[in-house]
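> give the three-dimensional model of this entry:
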Amino acid sequence: MVNRLDFTFSDTVAGRVTAVEPLARRFTLATIDGRRFEVSTAGGPSAELLRNLDEPYVDAGGHLDAMLVPGRFLFVRGVFYPGGERARFDAKHLLFTGRGPEDHRFEESSWWVDQLRGLARFYRRAQFGDGPVDYRDYRTEIRLGGEKTASHVQETDTISRLVYGMATAYLLTGEEDFLDVAERGTEYLREHMRFVDAEEDVVYWYHGLSVNGDLEKNLFTSEFSDDYDALPMYEQIYALAGPVQTYRVTGDPRIKADADATLRLFDRFYLDREQGGYFSHIDPILLTPDHPSLGPNQARKNWNSVGDHAPAYLINLYLATGEKAYADMLEYTFDTVVEHFPDEGSPFVQERFHRDWSHDTTHGWQQNRAVVGHNLKIAWNLMRMHALRPKHRYQDLADRIGRTMPAVGSDRQRGGWYDVVERINPDAAGRHDFVWHDRKAWWQQEQAILAYLVLFAGLGREEFRAEARSAQAFYNAWFLDHDEGAVYFNVLADGLPYLLGTERLKGSHSMSMYHASELCYLAAVYGNLLVAGRAMDFWFKPDPAVVPDRLLRVSPDLLPPGAVRIDRVLVDGEPYEDYDEAELTVRLPETSGRITVQVRLAPALVQEEIR
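Got it, this is the predicted structure:
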């Protein structure tokens, strides 16, 4: 027996207006996959214009007749009422992404820069107030409004992620306070979280620091449940994220030395020299991936241990130095990904493996399940790598993921991207069951936005542009916390914030400032330089005396060769001419002491030429 819809419920629909009936006070909305909804505005719904962090509410309720025109993209939140052949959908709230039918405010040149500034100010205030920056006051857990919890464990990775965000905010804004937070955080990590093993000539990073008044206790092994009492590689990887991004700005050679020593750790203890890739965990005593104490993490490999090097630190380390060894390591990791991660039995990649690359489908919470964002992250980073060392298989896999994922990982009615789904056994409609819920996490929206922006820039498929716009629209419509600041961890399927448990927090083991700031930075880079053809400014603050050959590398990301050129350079506010516009390098003046270098980059090629 099939039950008919006989109850009311509220929901959200995202799409484009296809028809308007002003006298009947209704219009038709088509979703991204072509389904149509008749929407009634007879109840006088509220309406607003999409707004950025720190922007005021802009009421659009008095302009519905002018704004509801065919082709317009918007979100409608309303109530479905049962009745007859089709449920009635009464609009209660409309959100327009731009003033004109073809306008999307998130495509404005300063949108992501302004959002990053707002994020940085929130986390600066939450962690340190308005006074001096003192990382003894840092707390991993931050409440919704920025207040600190009673937890006194400072996790290395969350400090590093905050440092990344602050260094990135300086790169895009030139605000000195953000760089001060990044540099002080880098020093704190070096002084309190770093262990130098002189005998092995490597650096380890502690899981964190337990602070009790003036007493500090280093936590060597992970305290996180999935990795307890082990040295997970992803914690070592993300310990480098913030310092290396700071290194891009300052050129501090001590940071590079730490990164190189950590890379020696990876090469010596995590690398599988026989069957390739990197093990996910080693035990803290013998430093081996094989010890039985590792339990389910014994001799395992996963996406985080193989692929997360690239976005977390390795691409940025290469951008700052141009060293071949880093490019070789990037190529090795991506060759490993394209060889082992695709799975012909599922639209999703495999993510967990045994030593011999056989699939690990019984591990912990993941079992045989797909993290949607990891698939998108792979596509995004494959396109970056293709720009550095082009290979058809990089681009082909990225293209395949980009074409496959919308139907199995995204919400075609409301917009946005889901979290964890079953990898196999879709239902008759091709849907893959949700594992726990249909909520949407902030970091998975980031991966979708960056993947489809760079896929559109590189391949020119209009469907990729549509996916990039849909993902940006959903994120900016529902994840920005206009009341307290920063962004929500999770929203429900319809976009309402989910504020329970750790997902209520703005700072936690899983959330600091990294993904939100990375999104702002790269969405600005891809959107302006590659898609819209607009120039951008970037700031650096090196000491020429410590920069090798006084050569500052200013490429903002791994972009297609010849896509961008230097348009202008200012040193301490004065025009400066010693630069190579094509190589994206600035020969710093022969001086010692910190200088401020402002570089304007401009597109050198139109989009068709890039492709």
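
> quick one: the strands in the stretch 251-400 of the chain?
With DSSP state E, counting those that start in this stretch as the criterion, the stretch 251-400 of the chain has strands at 281-282, 300-302, 352-354, 369-371.

> likewise for the stretch 401-550 of the chain?
420-422, 440-441, 490-491, 536-540.

> can you check the stretch 1-150 of the chain too?
Counting by DSSP E, counting those that start in this stretch, residue ranges of the strands within the stretch 1-150 of the chain are 9-21, 26-30, 36-40, 46-49, 73-81, 88-96.

> quick one: which of the ones you listed is nearest residue 359?
The closest of the strands of the stretch 1-150 of the chain to residue 359 is strand 9-21. By CB to CB, the value is 35.4 Å. Where C-beta positions appear, they are placed from N, C-alpha and C, glycine not excepted.

> in that closest one, what's buried?
Residues of strand 9-21 classed as buried: 11, 12, 13, 14, 15, 16, 17, 20 (neighbour count, 16 or more other CB atoms under 10 Å).

> got the contact list for the third one?
What that stands for is residue 13. The neighbours of residue 13, taking CB atoms under 8 Å, 6 or more residues apart in numbering as the test, are 29, 31, 37, 39, 75, 76, 78, 89, 413, 414.

> and the last one, by the same measure?
Taking CB under 8 Å, 6+ apart as the definition of contact, the neighbours of residue 20 are 27, 28, 68, 69, 70.

> pretty sure the second one is touching residue 38, no?
This means residue 28. Yes. In this structure, residue 28 is within contact of residue 38 by CB atoms under 8 Å, at 5.7 Å.

> the closest residue to residue 593 other than its chain neighbours and residue 250, how far apart?
The spatially closest residue to residue 593, leaving aside those adjacent along the chain, is residue 543, at 6.2 Å (CB to CB, 6 or more residues apart in numbering). Remark: distance between residue 543 and residue 250 (CB to CB, to the nearest Å) = 8 Å.

> helix, strand or coil for the closest residue to residue 124 other than its chain neighbours?
Spatial nearest neighbour of residue 124, chain neighbours left out: residue 181 (5.8 Å); criterion: CB to CB, 6+ apart. Under DSSP: H, G, I helix; E, B strand; the rest coil, residue 181 falls in the helix class.

> how close does residue 181 get to residue 161?
13 Å.

> picking that back up, could you redo the strands of the stretch 1-150 of the chain as CSV and give each row distance to residue 170 and mean pLDDT?
CSV is the format used below for the strands of the stretch 1-150 of the chain (distance: least, CB to CB, whole Å; pLDDT from 0 to 100):
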stretch, distance to residue 170, mean pLDDT
strand 9-21, 35, 97
strand 26-30, 42, 97
strand 36-40, 44, 96
strand 46-49, 30, 98
strand 73-81, 33, 97
strand 88-96, 32, 96
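
> just so I know, which of those strands lies nearest residue 336?
Nearest of the strands of the stretch 1-150 of the chain (CB to CB): strand 9-21, 37.1 Å.

> show me the shaky parts of the stretch 501-611 of the chain.
Applying pLDDT under 70 to the stretch 501-611 of the chain picks out residues 605-611.

> quick one: stretch 74-81 to chain centroid distance?
Its chain's C-alpha centre and that of stretch 74-81 lie 29 Å apart, by CA atoms, centre = their mean, to the nearest Å.

> would you mark the buried spots in that stretch?
Buried-residue list, stretch 74-81, by 16+ other CB under 10 Å: 74, 75, 76, 77, 78, 79, 80.

> distance check, residue 136 against residue 431.
Using CB to CB, residue 136 is found at 50 Å from residue 431.

> same deal with residue 408?
Taking CB to CB, one finds residue 408 at 8 Å from residue 431.

> more neighbours, these two?
A count of neighbours by other CB atoms under 10 Å puts residue 408 above the other of residue 408 and residue 431, at 19 against 12.

> isn't that one right next to residue 429, touching?
No. Using CB under 8 Å, residue 408 is not in contact with residue 429; the gap is 10.9 Å.

> any idea which residue sits dead centre in the chain?
residue 515 (3.7 Å; CA atoms, centre = their mean).

> mind listing what that residue touches?
Applying CB under 8 Å, 6+ apart, the residues near residue 515 are 442, 443, 446.

> that older thread, from the buried residues of stretch 74-81, which single one is nearest residue 309?
Nearest to residue 309 out of the buried residues of stretch 74-81 is residue 75 (CB to CB; 36.9 Å).

> that closest one contacts residue 476, correct?
No. Here residue 75 lies out of contact with residue 476, judged by CB under 8 Å, at a distance of 10.6 Å.

> find the residues that touch each one of the two.
Joint contacts of residue 75 and residue 476 (CB under 8 Å, 6+ apart) are residue 97.

> now do stretch 574-589: distance to the chain's middle.
30 Å.

> got the buried residues for it?
Buried residues in stretch 574-589 (16+ other CB under 10 Å): 576, 579, 581, 584, 585, 586, 587, 588.

> export those residues to JSON lines and tack on distance to residue 530 and secondary structure?
Shown next, in JSON lines, are those (distance: CB to CB, whole Å; DSSP: H, G, I helix; E, B strand; the rest coil):
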{"residue": "576", "distance to residue 530": "26", "secondary structure": "coil"}
{"residue": "579", "distance to residue 530": "21", "secondary structure": "strand"}
{"residue": "581", "distance to residue 530": "17", "secondary structure": "coil"}
{"residue": "584", "distance to residue 530": "14", "secondary structure": "coil"}
{"residue": "585", "distance to residue 530": "20", "secondary structure": "strand"}
{"residue": "586", "distance to residue 530": "22", "secondary structure": "strand"}
{"residue": "587", "distance to residue 530": "26", "secondary structure": "strand"}
{"residue": "588", "distance to residue 530": "27", "secondary structure": "coil"}
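
> just flag the most distant two among these.
581 and 588 (15.9 Å).

> check contacts around residue 63.
So residue 63 contacts residue 47 (CB under 8 Å, 6+ apart).

> these two touch, right, residue 172 and residue 520?
Yes. Under the criterion of CB under 8 Å, residue 172 makes contact with residue 520 at 7.4 Å.

> which neighbours do the two have in common?
In contact with both residue 172 and residue 520: 113, 116, using CB under 8 Å, 6+ apart.

> about what we covered before: switch the buried residues of strand 9-21 over to JSON lines; also include distance to residue 394.
Shown next, in JSON lines, are those (distance: CB to CB, whole Å):
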{"residue": "11", "distance to residue 394": "39"}
{"residue": "12", "distance to residue 394": "36"}
{"residue": "13", "distance to residue 394": "36"}
{"residue": "14", "distance to residue 394": "32"}
{"residue": "15", "distance to residue 394": "33"}
{"residue": "16", "distance to residue 394": "33"}
{"residue": "17", "distance to residue 394": "39"}
{"residue": "20", "distance to residue 394": "45"}
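
> can I get stretch 161-173 in PDB, CA atoms only?
Below are the C-alpha coordinates for stretch 161-173, written out as PDB (Å, rounded to 0.1, in the frame of the first residue of the first chain):
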ATOM      1  CA  ARG A 161      44.700  25.500  10.900                       C
ATOM      2  CA  LEU A 162      44.100  28.800  12.600                       C
ATOM      3  CA  VAL A 163      47.600  29.900  11.600                       C
ATOM      4  CA  TYR A 164      46.800  28.800   8.000                       C
ATOM      5  CA  GLY A 165      43.700  31.000   8.000                       C
ATOM      6  CA  MET A 166      45.500  34.000   9.400                       C
ATOM      7  CA  ALA A 167      48.400  33.800   7.000                       C
ATOM      8  CA  THR A 168      45.900  33.400   4.200                       C
ATOM      9  CA  ALA A 169      44.000  36.400   5.400                       C
ATOM     10  CA  TYR A 170      47.200  38.500   5.200                       C
ATOM     11  CA  LEU A 171      47.900  37.200   1.700                       C
ATOM     12  CA  LEU A 172      44.600  38.600   0.500                       C
ATOM     13  CA  THR A 173      44.100  41.700   2.700                       C
END
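
> if anything else comes up later, I'll come back, but that's it for now.
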